[in-house]
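Peer 1: sequence plus predicted model, see below.
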Amino acid sequence: MKRRTLLASGGTALAGSMIAGGAAIRSIRRSPGRSVARAENALDRDRIVETLMEGTDRETAAYEVDGSEEGPTAVIIGGVHGNEINGYRVAADVTGWEIDAGRLIVIPFANVVAVERNTRGGPDGDLNRLFPGGREPESDLARAIWRVVEGADPDLVIDLHRSRGLFNTHHRWVGQAIFPTEGGGAIDDAASVIDHVNEHYVPWTMRFHRFTLGNVQDDDRDAGLLVQKVNLDLNVAGFLVESTDFLLDLDTQIRWTGAITELLLDRHGIRRTA
């Protein structure tokens, strides 16, 4: 597809390598303040294309990264849950990337109040339950984010998260999984990326931390998940990426989340250049 112009609303070099299992199996808590500062330092503020919720405590920015050639458009979102540090750290880093083709629209700190508080939810509760399919999002912030997503006319949307446990192992938790949409070839993309990450990033000593294919995000209009709305309203490829902090240090969470992001983009013809 051709690269679109600026937001309609107005506005592969893979990082990292396979790591030793011993270095990864450490459960550590990093200072949220330090993590926010590191994410902020990674931002390329010259690439801001829109300020969402300007003048409020929810004010946050959308960034645009353009490739030298025409190509597809991807939207990348981090910080929907403010205590999921790997997501906003990777998304912030993406704003400084160079890519060969297409464009990226990035919202690194989607739920900035929750990020500052290091909490899952913000003033409106759980932001990732406020995007019902076929209807208006249910808060001002959710509506502002959706306007950017929809206005970008994306070919794919990547929503970066972190869970507490392991999918199909721990009750309630969904870590180490990619949840694809039904449309846009997302299922095949997710399966291919999972195979690559498990082979090249997750050490054989950490077999319980291998990524798996999560439930397909299809037709639940009332779930309120952003990726569900991407499937129902836009019918394009969407990916809910869930790393885990179960016996996994933050640096490894970031490394694996970043690798998945690069690989998903690569599958759609957007390659990060050195």
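Peer 2: Thanks, I have the structure now.
Peer 1: how about the CA coordinates for the longest helix along the chain, as PDB?
Peer 2: Among the elements of type helix in the chain, defined by DSSP state H, the one spanning the most residues is helix 250-267. Once side chains and other backbone atoms are set aside, the C-alpha atoms of helix 250-267 remain, and they are given as PDB (Å, rounded to 0.1, in the frame of the first residue of the first chain):
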ATOM      1  CA  LEU A 250      12.600  -5.700  33.000                       C
ATOM      2  CA  ASP A 251      15.500  -5.500  30.500                       C
ATOM      3  CA  THR A 252      14.500  -8.900  29.100                       C
ATOM      4  CA  GLN A 253      10.800  -7.900  28.900                       C
ATOM      5  CA  ILE A 254      11.800  -4.900  26.900                       C
ATOM      6  CA  ARG A 255      14.200  -6.800  24.600                       C
ATOM      7  CA  TRP A 256      11.600  -9.400  23.800                       C
ATOM      8  CA  THR A 257       8.800  -6.900  23.300                       C
ATOM      9  CA  GLY A 258      11.000  -4.800  21.100                       C
ATOM     10  CA  ALA A 259      11.900  -7.900  19.000                       C
ATOM     11  CA  ILE A 260       8.200  -8.800  18.600                       C
ATOM     12  CA  THR A 261       7.400  -5.300  17.500                       C
ATOM     13  CA  GLU A 262      10.200  -5.300  14.900                       C
ATOM     14  CA  LEU A 263       9.200  -8.700  13.500                       C
ATOM     15  CA  LEU A 264       5.500  -7.800  13.200                       C
ATOM     16  CA  LEU A 265       6.400  -4.700  11.300                       C
ATOM     17  CA  ASP A 266       8.800  -6.600   9.100                       C
ATOM     18  CA  ARG A 267       6.000  -9.000   8.200                       C
END
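Peer 1: how far off centre is it?
Peer 2: 9 Å (C-alpha atoms, centre = their mean, to the nearest Å).
Peer 1: that helix packs against which elements?
Peer 2: Packed against helix 250-267, as judged by 3 or more C-beta pairs under 8 Å, 6 or more residues apart in numbering; DSSP states H and E, are the following elements: helix 85-94, strand 156-163, helix 186-200, strand 237-244. Placement of C-beta: from N, CA and C, glycine included.
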